[in-house]
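Novice: kindly return the folded structure for what I paste below:
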Amino acid sequence: MFGFSLFKIIFTIVIVIVVWNGFKYFTRMQDQRADRSRMKSQGKGRNKASGNASAPQPGTEGIEDMVECKVCNAYVTRGAKSCGRDDCPFMG
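Specialist: Below you'll find the predicted structure:
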């Protein structure tokens, strides 16, 4: 009744592969739609007279330069909060 056969095992593997690829396709389509809507919303906010000079470079949103802490030699963002050491150069 619940015996395993080669056909059942192969059928199960095929179903898992189909579902997995379907999920990847669905996720990729959602990401592309989000990217398109984000690009459209950025394009509407720009003035045509200013051109692309004020447009952010793709992939640079949220990038900050890191500075090395003189005390613990760790790299942190500018304006980071204190790590709790008495001699920490960052306030906060």
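Novice: ok, now how distant is the closest residue in space to Arg78 that isn't next to it in sequence from Gln30?
Specialist: Distances taken as C-beta to C-beta, 6 or more residues apart in numbering put Val67 closest to Arg78, at 5.8 Å, once the chain neighbours are dropped. All C-beta atoms are positioned from the backbone trio N, CA, C, and that covers glycine. Relative to Gln30, Val67 is positioned 37 Å away (C-beta to C-beta, to the nearest Å).
Novice: what bridges to the residue nearest to Arg78?
Specialist: Beta-bridge pairing for Val67 (DSSP bridges): Val76.
Novice: so between Val67 and Gln30, which is more surrounded?
Specialist: With neighbours defined as other C-beta atoms under 10 Å, Val67 and Gln30 compare such that Val67 has more, 14 against 10.
Novice: ok, that one touching Asn73?
Specialist: No. Proximity of Val67 to Asn73 does not meet the contact threshold set by C-beta atoms under 8 Å, at 11.3 Å.
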